[in-house]
Each structure stands twice: as C-alpha cells, then as structure tokens.
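In: What would the 3D arrangement of this be:
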Amino acid sequence: MYNILNWDLIRFEIDIEQYFLFKMGSLYNFDKYKQAYVLNEGKANGDIIRFFYHETSKIKMYYSIVYQDSGDIIQFIKKRILQNQNATGNEVNEELRTFLGLKTYTPIKHKSSIVSQTDSIKKRDYEIYGDIIHKIDDHLKYLTEFRSFSYDVLLSPVFKSIFFTYTTDAISTLSFPIINIEGKIVGINRIETKENHYFNKKWFDKNSQNGNGFTFSNELPGTETLSIFESFFDAISYHELYKLNSVQYCATNGELGFKKAKLIINYFQEKNFKRLILGNDNDSAGKYFNLNIIGAFINGIDRIRKGKEIIYIEISGNLVDPYKFKLLKRFFKVSEEQSAFPPKIITPYIYFTETLSTNEERHFFTISNTEDSLEFFVGLLVRIWELNTQIIIHTPINKDFNEDLIKLKTTSNG
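Out: Next comes the predicted model:
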C-alpha cells in the first residue's frame, strides 16, 4: 500500500492549509494581526501556525512559531496528526485516503498531543502592567478627524469613559478594555494615534485574551438591544449614524469563531435583551461572523468550521428541531455514503449523516466560503428558525460603518 498514493503529487495538489482547517480548524482561530492560526484554548503560550510556500520547491508548508517545527503535508500528518515522526508509509497513506474520501472519515474529537503539551503550562491571567490615564486629549484629532466622530457622541452616556490613554515603556496609545462576559478585564486594545510610521496600527496588550473577550459600551438603564460589530469604531459610527436608543454596543475586536459567538449569545440571554443587531463588515469575513452568531443562537448547531473554500456546519440530530431541520435539508443534496466525504473536489450544498450510536446522529453540512453563499445560508437559517423578530442584520453600504460615517460627512461638507 505504501506506493498507492503519489506523495510528490500530493504535496502539490493538496492544500495543506485546507487540510489543517478540516482536521484541526475547531482548535484554532485565525488572528488577522498575527496573520496566523492561534490555538484557541486561551493559554498564553499556545501554538501559533503559519503557512507559506517554499522558496525553491514552491510547495506549501506549515511552520509553528511556538514549537519550531515545520514541513509539508506529509510531515504535518506524521508530526501533528499521527504524532509519530517515524510513522510508516501505510499509516500516512491511511490518513490521506481518509481525507480524500477513500475510507470512512473520523473527525478529530479530542485534543492532539501538541495541544496537551500546553496543559502543563499554567494559564496566565491578564494583568495591567502599564499606566491608565483617563484622559484622551492627545487622541482627539485622531478620533474627530481621522475617524470623523463628533465630540458629543464620545462624551455621551453610552460611550463616556470607555477610551483612555495607556502608557508602557514610554509608549502612549489610545486604548480601550477587552472584557469577558463575567465583566472581568482580560486585555487592552491599543491604537497608535501619533502621525508617524505606525499611525493607526492596532495591537493587543501583552497576554490579552481576545479569544474570550469583547469591548462593551456602557449599559444604560432599560437597555433592550445588543448590537455587535467587528470594531468598536464601527459601533460608535453606527450610533452616530442611526442614533438608536436603548442599545448596548459590543465589539469582537476582529475575532469571532463559533466558540466566541456562543459566549456573546450567552451574554445576550443572561441579560434578557429582546433584540440583537448584527453590524459586521460588508465582506466575506463579516458574513462569516454573522453565520457564527446565528448558528450559536440555534439549538442543535454544535460547531462551525471554515476551510479555504468550504464551510462546515455540524448539527446534532438529538437537539435540533426536527421540523425546521427537515426544511433545511431541502436545500442540500444528501451524500448517501459517508465514505465519499470529502471527495477529491468538495461540493458545496451537500450533507451527510454520521451515526454515532443507536440514539445519536450528527449531520455535516457544507456551503461555499463565498459572500453570496454565506449571505444566502444565513438568511435561510433566519427564515427557517423565524429569528426575524429577534435578530436584525444591518450591512454597511461600504466596507464598514466607520467608512459609511466618514463618506457621509465628507459628502455633507462638500
């Protein structure tokens, strides 16, 4: 069996990043600041993986910044999936045949040993080690000119005192807190506002835990609506554009996987809010964020994972509403044989059922990782589960609501 699969061809034909996401996507979140996949277990020294093309061979490879291991897809299978550098050709081929749909697919349900290595590392709680100054005078030009916010909105009860100046090692930045749903500060988001080479650069303070934290506006008495955005600047812009009352604003700070979406839905339910407004960006990432939040709202959707071209939605047959699930299945083509999944060319809008026991079934749905597909599927979920009265999806005209605000004011000023 060793020679059944051509490894040289596989190294070029199979996208190692898509394979990684398919096998381990639920364990990692993509950090757009690091441009890498970060282990989402909330540990300070968690794994960080980047993908790159080898300069000479042009083969796509992985590199772990933390564990300093790297290689092509064959080496990734040996080191990360089989956890055996000396694994035989038969063992590697068996895993490849699984991925290519030539045998029964068994998803990773437990942490790999590379994950468990971090279990011995004590989790570091976030600590503020700089100086917080509750004045933002030095940043007003950035806020009122570059971001186009009115001074009155920044001082309004809903946003007052959210921003502050944070100083570490003689570096002072505009900053705002990252807070978990229990109300504990778990990080600080920093922005360079001085007009230099790093102007508008954003980064998280050391040991910040954005994976389970958010930035909230002040919650005023009688608040009935929670409104979610990728950026806190978009939240302020939305408020200035539409002047809604009885709203608490929440920013995910550019990161929202399914696990984090479940946290914010728990917050929504514990606060007994009546409505949810989604104001994510007008791009594929924003629509994927919408999918995660809508999915977290629906009983029975257990996991959402994103590959390079395909998004996978896992639904528990025991928990999902059977009538609504029946309606959803009408829009998908059933794959009768689980062994045919995933095929060499993964087809969107198919699903298959995995029988875990006589009393438990798990359903896997696939959609294309494109804006149109995401928008259609999110709309489908909203209609089938009749979420229209609770959830409003408000998409900006431009990329985000801050851009909408800037262009409106630019136009108004001639």
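In: Going by C-alpha atoms from here, please, whenever you check contacts or count neighbours.
Out: OK.
In: average pLDDT for stretch 209-220?
Out: Across stretch 209-220, pLDDT averages out at 93.
In: so what's the backbone phi/psi at the closest residue in space to K399 that isn't next to it in sequence?
Out: Closest residue to K399 apart from its sequence neighbours, by Cα to Cα, 6 or more residues apart in numbering: N282 at 4.8 Å. Dihedral pair for N282: phi -90, psi 60, per degrees, to the nearest 10.
In: okay, now N282: neighbour count?
Out: 17 (other Cα atoms under 10 Å).
In: what residues are up against it?
Out: By Cα atoms under 8 Å, 6 or more residues apart in numbering, the contact set of N282 is 395-400.
In: which of the residues you listed has the most neighbours?
Out: D400 (24 neighbours).
In: and it, backbone torsions?
Out: Per degrees, to the nearest 10, the backbone of D400 is at phi -150, psi 170.
In: before we move on, what about L381?
Out: Dihedral angles of L381 (phi, psi; degrees, to the nearest 10) stand at phi -60, psi -40.
In: ok, the residue nearest to K399 to D234 distance?
Out: 12 Å (Cα to Cα, to the nearest Å).
In: which residues are in contact with both of those two?
Out: Common contact partners of N282 and D234 (Cα under 8 Å, 6+ apart): D400.
In: What part of this protein, helix or strand, is modelled with the least confidence?
Out: helix 113-116 (a mean of 36; mean pLDDT, DSSP states H and E).
In: could you point out which element follows it?
Out: strand 131-133 (DSSP states H and E).
In: ok, and what's touching that following strand?
Out: Contacts for strand 131-133 (Cα under 8 Å, 6+ apart): 164-168.
In: any idea which of those is closest to L96?
Out: L96 lies nearest to T168 out of those, by Cα to Cα, at 48.8 Å.
In: Would you mind measuring from the closest one to N200?
Out: For T168, the distance to N200 - Cα to Cα - is 17 Å.
In: What of K23?
Out: Distance, K23 to N200, by Cα to Cα: 36 Å.
In: now the strands: where do they sit in the stretch 301-414 of the chain?
Out: Secondary structure of the stretch 301-414 of the chain (DSSP state E, counting those that start in this stretch): strands located at 301-306, 310-316, 333-334, 350-357, 360-368, 391-393.
In: strand partners of the third one, parallel vs antiparallel please.
Out: Strand pairing for strand 333-334, using DSSP bridges, gives strand 350-357 (parallel).
In: What average pLDDT does the strand it pairs with get?
Out: 76.
In: Stretch 305-313 now?
Out: Mean predicted lDDT for stretch 305-313 stands at 84.
In: Buried ones in that stretch, by neighbour count?
Out: Across stretch 305-313, burial judged by 16 or more other Cα atoms under 10 Å covers 305-307, 310-313.
In: Out of the strands of the stretch 301-414 of the chain, which is closest to L226?
Out: When the strands of the stretch 301-414 of the chain are compared by Cα to Cα, strand 391-393 sits nearest L226, at 9.7 Å.
In: Mind listing residues that contact that closest one?
Out: 275-279, 290.
In: TSV for the contacts of N282, including pLDDT and distance to L155?
Out: Shown next, in TSV, are the contacts of N282 (pLDDT from 0 to 100; distance: Cα to Cα, whole Å):
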residue	pLDDT	distance to L155
T395	96	26
P396	96	24
I397	96	26
N398	95	26
K399	94	26
D400	95	22
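In: export the residues you listed to CSV and tack on distance to T88?
Out: Converted to CSV, the contacts of N282 look like this (distance: Cα to Cα, whole Å):
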residue, distance to T88
T395, 51
P396, 53
I397, 54
N398, 53
K399, 49
D400, 50
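In: Counting only helices, which of the residues you listed make the cut?
Out: Judged by DSSP state H, the contacts of N282 include no members of helices.
In: Straight-line length of stretch 79-96, end to end?
Out: Its first and final residues considered, stretch 79-96 spans 14 Å by Cα to Cα.
In: what's the nearest residue to N359 if we skip its chain neighbours?
Out: N359 sits nearest to N318 (Cα to Cα, 6+ apart), 7.9 Å away.
In: shouldn't the one you found be in contact with I301?
Out: No. Counting by Cα atoms under 8 Å, N318 sits too far from I301 to count as a contact (10.6 Å).
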